[in-house]
Each structure stands twice: as C-alpha cells, then as structure tokens.
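> Curious how this folds, go ahead:
(one chain, ligands or ions: 3)
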Amino acid sequence: MLTATELLDALLERAHGVTATENVPVAQALGRVLAAPQTSAITVPPADNSAMDGYAVRVADVPAAGVRLPVSQRILAGAVGEPLAAGTAARIFTGAPVPPGADAVLMQEYCAEADDGVVIHAQPHPGENIRRAGEDIERGTQVLAAGTRLGAAEMGLAASVGLAELPVFRRLKVACFFTGDELVTPGTPLQPGQIYNSNRYTLTGLVNALGCELIDLGIVPDTLEATEAALEGAASVADVVITSGGVSVGEADYVKAAVEKLGRVEMWKVAMKPGKPLVYGRVGDTDFIGLPGNPVSAFVTFGLFVRPFLLKRMGAADVLYRAFAAQADFAWPKPGTRREFLRARLQPNGRLALFPNQSSGVLTSCAWADGLVDVEIGGTVRPGDWVRFIPFAELLA
Ligand SMILES: Nc1nc2c(c(=O)[nH]1)N[C@H]1C(S)=C(S)[C@@H](COP(=O)(O)OP(=O)(O)OC[C@H]3O[C@@H](n4cnc5c(N)ncnc54)[C@H](O)[C@@H]3O)O[C@H]1N2
Ligand code: MOO
Ligand SMILES: [Mg+2]
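Numbers count the residues shown, from 1 in each chain. Ligands and ions are numbered 1, 2, ... in the order given. Model prediction:
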C-alpha cells in the first residue's frame, strides 16, 4: 500500500499541464488559469493623489496650528489642479491628484472654513495623506505570474493595470460517473435496497468549483460490461475520468477490471482512512481516478489528491493545500494502522472539536466540519495537543 504522501507525489509526477491557450475578457476569467505572466504598462496609482477629503497645503506654509490660508483652487477626483500658489491651500477630495507644490493633505475635520480661506487646526507632516504614484505598482513590473488561478482579486488587479483580456489555458475536461446498482437520483422515491447518489453532487460540485468543464455521465450499473462501456465513452471525450465506487474487493467492484481491460492500473490502495481503495490508471491519453464509493471517502480523497492533480493538469502553479497547527479539544486515543483524516470543526475557543461519528459513510460529518485533522499512522491525540489541521478552504476550490 502506498502512503498518502507517496500517492500524492506519484499523481503530481504524472499530471501534465494542458498547453492550449485562449484569450478571455477579464470579466470572464474567474477560475481560469493564467497562461503567461502579465506586466503592467502603467504606474498605479498614475499620480500622487489625496487619501482624504480636505485641504492640500505646503507644509512650510503651516509652521503651527491655527494658520489661515486663502483657498486658491478646488480639485475633484477626475480633474487636474494647477501648481499650488505659495501661501495658499487647495480644496481637495479623495482620489484627486495632489497639485504640484503641495506636500501634505489635511483632513477637513482638522480645518475650519473661514471667509475666503481655511484655518488649519493641526500641523501637517510632509507626505501626510498623499498616496504616491506607483506605490501599488511600478510601470514594467509583473503583476500576475503564469499559472495563477484567477479569482476576484486577480481579475481586479488585471483591470487596475488596464488589461482587457487575459491569456488562459483551455479548460480541462473532466468526465464523472458513479457506479452502483443501489443508486438512484433524487426525485425518485427509494425502493428497498436503494440509496440516493450523493457522490454525484459532492464530486460534480467539486469539479465545477475548480473551473473544469464537467461531463456528467450519471449512474452506471455494477457489471463489467456497463463499467467498461462507460469508461470507454468517458475516456474518449475527457482529459480526466473520475468515478466513485467499485474499487474495493467486492464481487460487484468492476472498476479496476474495466481499467485493466481498456488501459492499465498504475496505483491502487493508500494507507489512509477514509479512502483506502483509491485507484489511478490510464486509458489511452486519459487519466483515470477511481474514488471509493463511501461518500466521506470520495469527498476527502477528492480534496487531498484529485484537487492537486486537476490543478496541475489545468496549468496551475500552486497546487498544494496548506495545513495549520491547531489545538485539539478532543481525544483520539486509539492508534490506527492507516493515516487518518478526521472531520473537525473550529470552535469559538479556537480549538478543534471532532464530529462524533467518523464513519466513512456519514456525510453529515463533512457538512458539519471545517476541515480535516491529519493523524499519522499509529498517532494518538490528547486534549490540548497541537495537531495538523487542513481547512476545507484549502481543499475544496
Ligand atoms: N473486504 C473488504 N471490504 C472492504 C474493504 C476492504 O479492504 N476489504 N475496504 C472498505 C473500504 S475502506 C472502502 S472505502 C469501501 C470502498 O468501496 P468501493 O469503492 O468498492 O465502493 P462500493 O462498494 O461501490 O460502495 C461503498 C459504499 O458506498 C456507497 N456508495 C457508493 N456509491 C455511492 C454514491 N454515488 N452515493 C452514495 N453512496 C454511495 C455504497 O452504497 C456502499 O455503502 O469498501 C470497503 N470494503
Ligand atoms: O478507506 Mo474506507 O474510506 O475507510 O471506508
Ligand atoms: Mg465495493
């Protein structure tokens, strides 16, 4: 059996990023991966500007509080002022360019209007309330690296330097199907022996959240023929095929056999709980990842392995999740023979509580939890211990 670390390393070694690119308008770039570095052709902000509504002055003209200065001009955002005449103040507003000659802006709260002028009730410091040209971005600097996943902040940043379009990698095509004779789609009442196909919703939700192009092939019955046919169809249209169920040792577990018939299985089984029977293989040029059917196992292994794998295939540079140290408010006394990923929630006291039922079948634990506590093989936890905590925010998008 592979360790979880060995499996992740082996998956990332096999994940080759897509190379085809396209240009998209910045407003449509959410979730895409940038294909080339972006450099700013401008300085941001383009000019020294006021951080406050108030009065621009020359510091030398206000040697002490209480000085009265005539107001020589009024500058709104969007306008350009004249050089500031010595011995005068300029009325100025937030975002308006600071006029040449002025070296401080006083908030209007520290000033009082007085016939044709202003009385300054505080002594200004050089540079006060002036946002310098280029303090955010200097012309010619790189603002976004190739491989960046474009979120709201990155889209705003691209727009702030005037970019209208961005080169991005083509979307990765991910086909999913869900094996199990017992599965039915919500909307149909359950017959004896049946359960709802919840993995479809967790896994397609996760694939969509990563910005992949989803091909949802639905439920596949537990026969070798049906599994093979579904796999062949999926592999012919997708870059990556992801399935749930049928990867363990049961008599109705046909997924590995189907992969062996159409391609090859390269890895099977990882020493972790949940998620032991995960399988990786290839069918032609298509990657195949078979996740265990247990709903928690499918959810957790997607976050820990499939997400980094897909991100790397999407061309993303930063694909690994981060773990943080957090203090346990629980005991986990029994050493395990597999590395365990426990569903836990951060409490108002800053410590982690465990969901009481850690069964691989209890999906409620995932909805309740904020993340996973990573307990090494043979490890135990006492209340107050510092543990490795992987927030779901690091795993699920
Ligand atoms: N003798 C052994 N039995 C099992 C072992 C083992 O090592 N030896 N491993 C166990 C572990 S660990 C896991 S995890 C499961 C994985 O099983 P499979 O991947 O083969 O999945 P299935 O048998 O098809 O289903 C398992 C479980 O999950 C339910 N399921 C399946 N698909 C869905 C779905 N789309 N939505 C909701 N629930 C689903 C299914 O009904 C089963 O209850 O094997 C253990 N067995
Ligand atoms: O590896 Mo399984 O997910 O423990 O039930
Ligand atoms: Mg099974």
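> residue boundaries of the strands in the stretch 101-250 of the chain?
Along the stretch 101-250 of the chain, the segments classed as strands by DSSP state E, counting those that start in this stretch run 104-107, 111-114, 117-120, 130-131, 142-144, 165-169, 173-179, 183-184, 195-196, 213-220, 240-244.
> Out of those strands, which is the most enclosed?
strand 240-244 (a mean of 28; mean count of other Cβ atoms under 10 Å). Just so you know, the C-beta spots here come from the backbone N, C-alpha and C atoms, and that holds for glycine as well.
> Sheet-wise, list the partners of it with their directions.
strand 173-179 (parallel), strand 286-291 (parallel) (DSSP bridges).
> Go through the ones you listed and name the closest to residue 166.
Across the strands paired with strand 240-244, residue 166 has its closest neighbour in strand 173-179 (20.7 Å, Cβ to Cβ).
> Quickly check: that closest one near ligand 3 or not.
No - against ligand 3, strand 173-179 shows no contacts by Cβ under 5 Å from the ion, the least distance being 8.9 Å.
> between that strand and strand 213-220, how big is the angle?
Using axes from the mean of the first three to the mean of the last three Cα atoms, to 10 degrees, the direction of strand 173-179 lies 10 degrees away from that of strand 213-220.
> Around ligand 1, which positions in the stretch 251-397 of the chain sit nearby?
253, 274, 276-277, 292-295, 297, 360-361 (Cβ under 6 Å from any ligand atom).
> Pull out the buried members of these.
Neighbour counting by 16 or more other Cβ atoms under 10 Å classes 253, 274, 276-277, 292-295, 297, 360 among those as buried.
> As a markdown table, those with distance to residue 209 would be great.
Below are those laid out as a markdown table (distance: Cβ to Cβ, whole Å):
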| residue | distance to residue 209 |
| --- | --- |
| 253 | 28 |
| 274 | 20 |
| 276 | 25 |
| 277 | 25 |
| 292 | 20 |
| 293 | 21 |
| 294 | 21 |
| 295 | 17 |
| 297 | 19 |
| 360 | 22 |
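> what's the closest of those to residue 378?
After measuring those against residue 378 - Cβ to Cβ - the closest member comes out as residue 276, at 16.3 Å.
> Which pLDDT value belongs to that closest one?
On pLDDT, residue 276 comes in at 98.
> again with residue 115
Per the predicted model, pLDDT is 85 at residue 115.
> Number of residues surrounding it?
A total of 6 residues lie near residue 115 under the criterion other Cβ atoms under 10 Å.
> residues in the chain within reach of ligand 3, list them.
Checking the chain against ligand 3 by Cβ under 5 Å from the ion, the hits are 248, 250, 253.
> Reformat the residues you listed as TSV; add distance to residue 171 and pLDDT.
TSV is the format used below for the residues of the chain next to ligand 3 (distance: Cβ to Cβ, whole Å; pLDDT from 0 to 100):
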residue	distance to residue 171	pLDDT
248	32	97
250	35	97
253	31	97
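> just curious, which of these is nearest to residue 309?
So of the residues of the chain next to ligand 3, ranked by how close each gets to residue 309 (Cβ to Cβ), first place is residue 248, at 21.0 Å.
> Would you check how far apart that closest one and ligand 2 are?
The gap separating residue 248 from ligand 2 is 8 Å, by Cβ to the nearest ligand atom, to the nearest Å.
> To what extent is that residue buried, counted in neighbours?
18.
> what's the nearest residue to the residue in the stretch 251-397 of the chain positioned nearest to ligand 3 if we skip its chain neighbours?
Residue of the stretch 251-397 of the chain nearest ligand 3, by Cβ to the ion: residue 253 (4.3 Å). In space, and not counting its chain neighbours, residue 253 is closest to residue 246: 4.5 Å by Cβ to Cβ, 6 or more residues apart in numbering.
> quick one on the thing from earlier: out of the strands paired with strand 240-244, which gets nearest to residue 268?
With Cβ to Cβ as the measure, strand 286-291 is the member of the strands paired with strand 240-244 nearest residue 268 (8.7 Å).
> And the helix or strand following that closest one, how far out from the chain middle?
Per DSSP states H and E, the first helix or strand lying C-terminal to strand 286-291 is helix 295-301. Its chain's average C-alpha position is 19 Å from that of helix 295-301, according to Cα atoms, centre = their mean, to the nearest Å.
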